[in-house]
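Visitor: build me a structure from this.
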Amino acid sequence: AGNSKSSKSTAVSPGPPMYLDLVYIPNHSNRKNVDVEFFKRVRSSYYVMSGNNSAAEEPSRAVLDSLLDGKAQWDSNMQVTLIPTHDSEVMREWYQETHEKQQDLNIMVLASSSTVVMQDESFHACKIEL
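Guide: A predicted model of the protein is given here:
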């Protein structure tokens, strides 16, 4: 009380970790909404990461690094699969620069190599079995 300074808000409220099968990282993986605390608390087997706007820093390298830092604090080494929805320079650089740490933390980045064709439209897809 009486403190006029505002504290940094986090995307996830304090409390015990939540374990989920599949999580979509919010707001095109923008660092304004997702940080280390998010990955400490929201623990998932699969994270879907969208973002294809380098001018807006989406996906954010800070969010990708937060995944590594948050996962390093989990009490188990469960397999985590990161599913990017777009190929980006940020994702490629992060993957190459942190590949050894990803392996140590049991994180796999899934590249979408399948294409689905529906009527006149085609798009990348991946199959997830839970």
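Visitor: now for the longest helix along the chain, which elements pack on it?
Guide: When the chain is parsed with DSSP state H, its longest helix is helix 89-104. Helix 89-104 sits against helix 61-71, strand 107-109, with contacts defined as 3 or more CB pairs under 8 Å, 6 or more residues apart in numbering; DSSP states H and E. Quick note: C-beta positions are derived from backbone N, CA and C, even for glycine.
Visitor: ok, 7 Å please
Guide: On a contact count with 3 or more CB pairs under 7 Å, 6 or more residues apart in numbering; DSSP states H and E, helix 89-104 meets helix 61-71.
Visitor: same for whatever helix or strand comes next after the helix it packs on, what does it pack against?
Guide: Sequence order places strand 80-84 as the next helix or strand after helix 61-71, per DSSP states H and E. Counting contacts by 3+ CB pairs under 7 Å, 6+ apart, strand 80-84 is packed against strand 42-49, strand 107-109.
Visitor: ok, now with 10 Å
Guide: Applying 3 or more CB pairs under 10 Å, 6 or more residues apart in numbering; DSSP states H and E, one finds that strand 80-84 contacts strand 18-24, strand 42-49, helix 61-71, helix 89-104, strand 107-109.
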